[in-house]
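S.K.: Sharing a model that was predicted from the sequence below.
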Amino acid sequence: MNEIFAQAKSILVVGVDDVDPENLLPFREIIQTKAQQAHITFENVQMLIESRRATSSFDIILFDLISKTDEPTSIDLLNEFFRLLHPNGYLITHIEHTKQTQAIDHFKMCGFSSYNPLDSNSSFLIENKNDDVKRRGSLWLCQKPSFDVGYSVPLRRAGVKLIKQISTTGGGKKTWTVEDDRDDLIHDNNQKKSEVKNCDTTSSGDQKACKTCTFGLAQVFEQEKHIKAQENYSLSDTSRYAGCLAHGLPSSKPGERVNFPTVSDV
């Protein structure tokens with residue numbers, strides 16, 4: 001607890017309507033001895049939301065610690081506390097034991113990353129509470145996550161991978177370098193397709209369509225086979241085709257008109 005206050009630069013003390021003004025100055029002095037470098041601000045809970053202070057303005061918020069009784073927290077109020085805190089900032093409040101389960105649910109809903117009861121070493125924060133109130137409740141410390149309201153990160157897209165951390169000069173901060181491996185993914189995908197759907201090649205080097213061809217090569221090969229047969233027929237020695245009308249005639253070229261001799265019916 002002492003370390004939390006020692007590192008704080010700004011503290012907001014939120015009180016309720018039944019706060020005794022005479023207790024404000026002594027409470028401030030107690031907090032200032034723990035947080036010597038911090039600027040301490042007081043605000044009434046009724047005016048807090050209306051004041052619309054800047055987001056991430058305080059390292060610590062102390063709620064309802066000066067009054068003699070406990071004021072329950074609401075979702076709206078906790079959301080405002082969360083907004084006003086710096087990343088990793090702390091909210092400290094006193095909660096009645098019978099209401100702690102509900103309070104924990106509210107802390108979770110509002111985004112606090114941790115919420116734990118404090119030990120007796122923090123009792124200096126509730127010196128103004130009634131003894132009966134102290135017995136029926138305890139101090140709780142809630143922490144805001146390390147990111148701020150509205151923080152976002154890009155989703156990791158396929159084909160991009162983190163390689164290594166590199167220390168930058170000055171400050172000792174580290175950054176990640178990235179490498180785009182989309183070419184590898186494309187290569188892998190093509191290889192998988194070729195293993196499944198590519199057509200085969202015969203031992204003579206001629207390509208043939210596979211039985212499950214999906215590229216249309218089967219039709220192309222069939223058409224080429226038909227054209228090749230026609231060329232062989234027209235360019236070869238027609239005497240080989242015994243029943244052909246062009247039997248005994250010289251070979252013709254593709255597309256050339258063939259004239260047959262007139263044959264008498266007599």
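M.R.: Right, received. Where do you want to start? Residues are numbered from 1 along each chain as shown.
S.K.: tell me the SS of Glu22?
M.R.: Here Glu22 takes the helix state, with states given by DSSP: H, G, I helix; E, B strand; the rest coil.
S.K.: er, Val19 I mean
M.R.: With three-state DSSP as the basis, the three-state label of Val19 is coil.
S.K.: separation between it and Leu139?
M.R.: Using CB to CB, to the nearest Å, Val19 is found at 17 Å from Leu139. C-beta coordinates here come from the backbone N, C-alpha and C atoms, glycine included.
S.K.: repeat for Lys68
M.R.: Remark: distance between Lys68 and Leu139 (CB to CB) = 15 Å.
S.K.: neighbour count winner among the two?
M.R.: Regarding Lys68 and Leu139, a neighbour count based on other CB atoms under 10 Å identifies Leu139 as having more, with 22 against 15.
S.K.: residues contacting that one?
M.R.: Taking CB atoms under 8 Å, 6 or more residues apart in numbering as the definition of contact, the neighbours of Leu139 are 92-95, 117-118, 122-123, 125-126.
S.K.: Closest one of the residues you listed to Ile30?
M.R.: Each of those was scored against Ile30 by CB to CB, and Leu125 proved nearest at 8.0 Å.
S.K.: Can you give me the neighbour number for the closest one?
M.R.: Summarising burial for Leu125: neighbours were counted as other CB under 10 Å, giving 21.
S.K.: which residue packs closest to it, ignoring adjacent ones?
M.R.: Nearest-residue entry for Leu125: Leu65, 5.1 Å, with adjacent residues in sequence omitted and distances by CB to CB, 6 or more residues apart in numbering.
S.K.: isn't that neighbour right up against Val133?
M.R.: No: with contacts counted by CB atoms under 8 Å, Leu65 stays clear of Val133, the gap being 11.1 Å.
S.K.: Between those two, which contacts overlap?
M.R.: Common contacts of Leu65 and Val133, defined by CB under 8 Å, 6+ apart, comprise His94.
S.K.: quick one: the strands in the stretch 51-200 of the chain?
M.R.: If you assign secondary structure with DSSP state E, counting those that start in this stretch, the strands in the stretch 51-200 of the chain sit at 58-63, 85-96, 114-117, 137-143, 160-167, 174-180, 200-201.
S.K.: pLDDT below threshold where in the chain?
M.R.: The model of the chain has pLDDT under 70 over residues 148-221, 226-266.
S.K.: again, 50 this time
M.R.: Across the chain, the ranges flagged by pLDDT under 50 are 167-169, 185-186, 188-189, 192-197, 201, 203, 238-239, 265-266.
S.K.: which residues of it fall in helices?
M.R.: If you assign secondary structure with DSSP state H, the helices in the chain sit at 2-7, 24-34, 45-51, 75-84, 100-110, 131-136, 182-197, 217-235.
S.K.: Can you list the neighbours in contact with the first one?
M.R.: Outside helix 2-7, the residues within contact range by CB under 8 Å, 6+ apart are 11, 31, 34-38, 59-60, 90, 141.
S.K.: Next, format those residues as a markdown table and append neighbour count and distance to Leu77.
M.R.: Putting those into a markdown table (neighbours: other CB atoms under 10 Å; distance: CB to CB, whole Å) gives the following:
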| residue | neighbour count | distance to Leu77 |
| --- | --- | --- |
| Ile11 | 23 | 17 |
| Ile31 | 20 | 21 |
| Lys34 | 18 | 24 |
| Ala35 | 20 | 23 |
| Gln36 | 9 | 29 |
| Gln37 | 11 | 27 |
| Ala38 | 19 | 22 |
| Asp59 | 22 | 19 |
| Ile60 | 25 | 16 |
| Tyr90 | 22 | 16 |
| Leu141 | 18 | 17 |
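S.K.: If we only consider the residues you listed, which is nearest to Ser51?
M.R.: For these, the residue nearest Ser51 by CB to CB is Ile11; the value is 16.0 Å.
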